[in-house]
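>>> Let me see the structure of the following:
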Amino acid sequence: MDQKHKKSISGTSAAPPTHLSWSTEINKRVRTGDWTDQAVSTTAKITEAIDAGDWETAAQLVDYWMEEAKVVHVIYQVWGEGWGSFLASRGVSEDDLDSETARLRELLAFPDGEPFDPHPRWAELARQAGELGNGLRAYEIEASEALIRLERLREAWRQLHDRGADFQSGMLTFVAHRLGEVAVGEAYSEVLAPYLEERYQPFDLRLQSYEDTLYRNLYLSFEGMRAHLVGPDRTGDIEVSEQDDKYVISFDPCGSGNRGQRGDPVEGTGSRSAPPYNFGVTSEEHDWAWNEKGVCYYCAHCCYTLELWPARQWGHPIRVVDSPLYPEETSGPEPKKCTWTIYKSLEAIPAEAYERIGLTKPIAPSSEGHD
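Predicted coordinates:
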């Protein structure tokens, strides 16, 4: 074994360029690094650590990679159950609901032919990640084998993740077919409430200033989208630029809704708004979908959760999203990227960001004194 891969039990002589720390600002484990570095996928960071011979860091990053994936996995389970409860509360029979769920699970079968069921695949993903992490930290596998296992892990999560996203699209389409398109917004309002309270309540300006939420806002954005495996190679690499008044992060494509709209080149399947999927996009204008037509029902949740709900709750969007419209912006040789804009101050958020969701930008309190 060369010096680079010498077994170490007491740490390394120098801190690795990327490692994990604890953030007291958001009370969770986080990756170190500036925002440009946060745009690099955790998959790439694991590879770098393996190549550098820093295998304990690689093992910890594998654990954290699963922590990123967990956020999306749990959300999809909560939402998937929620759509069913919403439909039942609106009079859809248990038989009809079971029939549609079974149809979607068959439609979204894994490449090996197994119908979509997230639970066994998540258990298998956990087993693979545990074995990879433990093998790395105990120096029980070679670097070449570690990289092969990492790629298997990423691909297993891609298969599970993508079907989880598509299942949400399918269920929301069922909501629209049975109850009308306006019911998609009603479903968001009811099903997403517990998730929104936990995830986004810290952005309430009655609790802390907008500037004090900026780190949380940016970090959760990068972390969540790395888990969605954004980017053409589906590794989770993000594009980011900083301007005087804002940060702009973009995805080419987003790994969930925009990937579904474009189609899946990895598995050779087409747009989820085309047969055999026929998942819906807005045909009418709604505040919960930027008052635009052609917004996929899944993508509309970004409008509701990141803009409309927080703006109604305490007066401002958390992130301003530009979601490509189907089909003109999601097809062709250069389909449009999805972008999120995070403004550095309330004042920088443009009035148009409020107007497109049916609101008016609040007038900032005057700083001048009064007689």
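>>> Tell me who's in contact with the residue nearest to G33 when sequence neighbours are not counted.
Closest residue to G33 apart from its sequence neighbours, by Cβ to Cβ, 6 or more residues apart in numbering: T18 at 5.7 Å. The way it works is simple: take the backbone N, C-alpha and C, and place the C-beta from them, glycine included. Shown in contact with T18 (Cβ atoms under 8 Å, 6 or more residues apart in numbering): 31-33, 37, 45, 48-49, 57, 61.
>>> what's the answer for K45, then?
18, 31, 61.
>>> Mind checking which of the residues you listed are in strands?
R31 (DSSP state E).
>>> tell me which of the contacts of K45 is nearest to E334?
R31 (31.3 Å; Cβ to Cβ).
>>> For that closest one, give the beta-bridge partners.
Beta bridges link R31 to L20, judged by DSSP bridges.
>>> any idea how far it is from W65?
Distance, R31 to W65, by Cβ to Cβ, to the nearest Å: 10 Å.
>>> Those two: who's more crowded?
For the pair R31 and W65, the greater number of neighbours falls to W65 (25 against 21), based on other Cβ atoms under 10 Å.
>>> Now do the buried residues in the strand or helix carrying the more buried one.
Per DSSP states H and E: W65 is located in helix 55-89. Neighbour counts over helix 55-89 (16 or more other Cβ atoms under 10 Å) mark 55-62, 64-69, 71-73, 75-76, 79-80, 82-84, 86-87 as buried.
>>> Mind jotting down where the strands sit in the protein?
Under DSSP E, the chain gives strands at 20-23, 28-31, 239-242, 246-251, 320-322, 338-343.
>>> Neighbours of L220, how many?
Using other Cβ under 10 Å, the number of residues around L220 comes to 20.
>>> how much space is there between the residue lying closest to it once chain neighbours are set aside and G280?
Leaving aside its sequence neighbours, L220 sits nearest to I26 (Cβ to Cβ, 6+ apart; 7.3 Å). Plainly put, I26 is 35 Å away from G280 if you go by Cβ to Cβ.
>>> who touches the residue nearest to T341 when sequence neighbours are not counted in this structure?
Take T341 and drop its neighbours on the chain: the residue closest to it by Cβ to Cβ, 6+ apart is V320, 4.5 Å away. Applying Cβ under 8 Å, 6+ apart, we find V320 in contact with 306-307, 340-343, 349, 353.
>>> Then S85?
Counting by Cβ under 8 Å, 6+ apart, S85 has contacts V191.
>>> Which pLDDT value belongs to the closest residue to S256 other than its chain neighbours?
Counting by Cβ to Cβ, 6+ apart, S256 lies nearest to A165, which is 3.9 Å off, once chain neighbours are set aside. A165 carries a pLDDT value of 98.
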